[in-house]
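Asks: could you look at this predicted model? Sequence included:
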Amino acid sequence: MNTLTPSQRNKGPILEVLKQYLQKGRLLEIGTGCAEHAIFFAKNFPEIQWVTSDRLDWHREISQTLKKAQIKNLHGPELLEIGQNDFPKGGFNYLYSSNTLHIMSWKENKTFFKLLSKRLREGALVFFYGPFNYNGKFTSPSNESFDQHLKLRNEKSGIRNFEDIVSQMKKGGFEIIDDHEMPANNRTLVFQRLAYEKTQV
């Protein structure tokens, strides 16, 4: 019987993707949650200053977990609820967010993308991990069931369309540079912030 949590199962494959892109700099994680990913990735990328963030109701657990881990390049948690808070001070070279886009409403997604456009510098990379639809269709029966489960909890939640995300990110000055297939019908989308003059108005 597999007793691993989803975070424990997917962190290895995500690490292999991140290894292709992360070098040195500051990374902001949106939706840190229980901080399993933050601890695992910060240990594997000592040259990255990994900054955790989430809603206030997660802060106690994140703080306790980070204090116990005692990893020098792991910071936070910063208060960041989409539509309520701005980015923490200091520039970021990277942004990572796992399993958040389908939890937020589409309106919150668009607010999130606009915030990325305003705050990330040219050349910054954005990583979105999770399930996505393509051409308006689910990629598996399990994803369709998951989408139904999400909507029972919150009708504004749901698996997002790849094409809609790419379109909105493009409007904010990002181009998609990779779409990695992941285990369990998930993907890791990688976007890069373009120079200002290349941004679509």
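Replies: Right, received. Where do you want to start? Just so it is clear, the structure is predicted and the values come from calculations on it, not from any experiment.
Asks: below-threshold pLDDT in this protein: ranges please.
Replies: The chain contains residues with pLDDT under 70 at 1-8, 197-201.
Asks: and the helices in it, which stretches?
Replies: Assigned by DSSP state H, the helices in the chain fall at 6-18, 36-44, 56-69, 106-119, 141-153, 162-171.
Asks: now the most centrally placed residue in the chain. Nearest residue, chain neighbours left out?
Replies: Nearest residue to the geometric centre of the chain (Cα atoms, centre = their mean): Ser97, 1.1 Å. In space, and not counting its chain neighbours, Ser97 is closest to Ile30: 4.1 Å by Cβ to Cβ, 6 or more residues apart in numbering. Backbone N, C-alpha and C define where each C-beta goes, glycine included.
Asks: can you name the residues that contact that neighbour?
Replies: Ile30 makes contacts with Ser53, Asp54, Leu80, Ile82, Leu95, Tyr96, Ser97, Thr100, Phe112, as judged by Cβ atoms under 8 Å, 6 or more residues apart in numbering.
Asks: now, which of those sits nearest Phe41?
Replies: Nearest to Phe41 out of those is Tyr96 (Cβ to Cβ; 7.7 Å).
Asks: state the number of residues packed around that closest one.
Replies: By other Cβ atoms under 10 Å, 25 other residues sit near Tyr96.
Asks: separation between it and Ser53?
Replies: From Tyr96 across to Ser53, the span is 11 Å (Cβ to Cβ, to the nearest Å).
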